[in-house]
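Colleague: Just need the structure, nothing else, for what follows:
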Amino acid sequence: MKRILDIVFSLLVIAVGLPFGLVIALLIVLDSKGSVIYRQSRVGRNNVDFLLYKFRTMCVDADHSSLITVGADDARITRVGAFLRKFKIDEFPQFLNILKGEMSIVGPRPEVRKYVDLYTPEQMRVLSVRPGLTDYASIRYVNENELLATSADPEQTYIQEIMPDKLNLNLKYIDEQSFRTDCKIILETLKAILVMNEE
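Modeller: Numbering: from 1, shown residues only. Now for the predicted structure:
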């Protein structure tokens, strides 16, 4: 049932959002050199890697220096990219990942292999379900980049504090997952994005 809803909702979003997506693609091309779509290897269900899609919001090869984005003023972020990130519009291409069956609308956010290799056996349980576009952790850490910007060592703060808390929330979702829970998370995600941008 969840898979059917993922497919139907993704098709509707893509159909409605396609004209806006084309405009965004044009703005990205005009703003900076590089491809419109950014692809990054993430770890999905059953510990299998897949390519996650996003609208490119950074300069080409920006992820070679760090996998973590620190603050809204990160010099690697393009002008158009800053706007896309602010409203989470850069995540739109992931509806293609959902159609392909690599992701779900709601589920633990997929992580890069570097950090998955640090998971404990219990934390690895988050890989028993399809990763998602949003989850409890996305709501709690909707301003994660700003939190990391206040740290003297952002990567260690992520590994030692933020990532374990995210994984606990992911495990909570796995234990509680239901259609009602998914609807609640979707609504709370939209609310969190709107509140964040009103501040």
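
Colleague: Strands of the chain, start to end?
Modeller: Ranges of strands within the chain are 37-43, 49-55, 104-106, 132-134, based on DSSP state E.

Colleague: can I get those in TSV with mean pLDDT and distance to Leu22?
Modeller: Where C-beta positions appear, they are placed from N, C-alpha and C, glycine not excepted. As requested, the strands of the chain are arranged in TSV below (pLDDT from 0 to 100; distance: least, Cβ to Cβ, whole Å):
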stretch	mean pLDDT	distance to Leu22
strand 37-43	96	13
strand 49-55	98	12
strand 104-106	97	23
strand 132-134	97	21
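
Colleague: Let me have the ones you listed in a markdown table, adding distance to Ile98 as columns.
Modeller: Output for these, formatted as a markdown table (distance: least, Cβ to Cβ, whole Å):
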| stretch | distance to Ile98 |
| --- | --- |
| strand 37-43 | 13 |
| strand 49-55 | 10 |
| strand 104-106 | 6 |
| strand 132-134 | 7 |
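
Colleague: Tabulate those in TSV, adding columns for mean neighbour count and distance to Leu118.
Modeller: As requested, the strands of the chain are exported to TSV (neighbours: other Cβ atoms under 10 Å; distance: least, Cβ to Cβ, whole Å):
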stretch	mean neighbour count	distance to Leu118
strand 37-43	16	12
strand 49-55	19	16
strand 104-106	24	24
strand 132-134	25	21
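
Colleague: Tell me how far the closest residue to Ile24 other than its chain neighbours lies from Glu161.
Modeller: What sits nearest to Ile24 in space, not counting adjacent residues and going by Cβ to Cβ, 6 or more residues apart in numbering, is Phe55, at 6.0 Å. Distance of Phe55 to Glu161, given as Cβ to Cβ, to the nearest Å: 29 Å.

Colleague: isn't the residue nearest to Ile24 right next to Arg39, touching?
Modeller: No - Phe55 lies out of contact with Arg39 (Cβ atoms under 8 Å); the separation is 11.2 Å.

Colleague: ok, how many other residues are close to Val23?
Modeller: Using other Cβ atoms under 10 Å, Val23 has 10 neighbouring residues.

Colleague: I'd like the distance between it and Val13.
Modeller: 16 Å.
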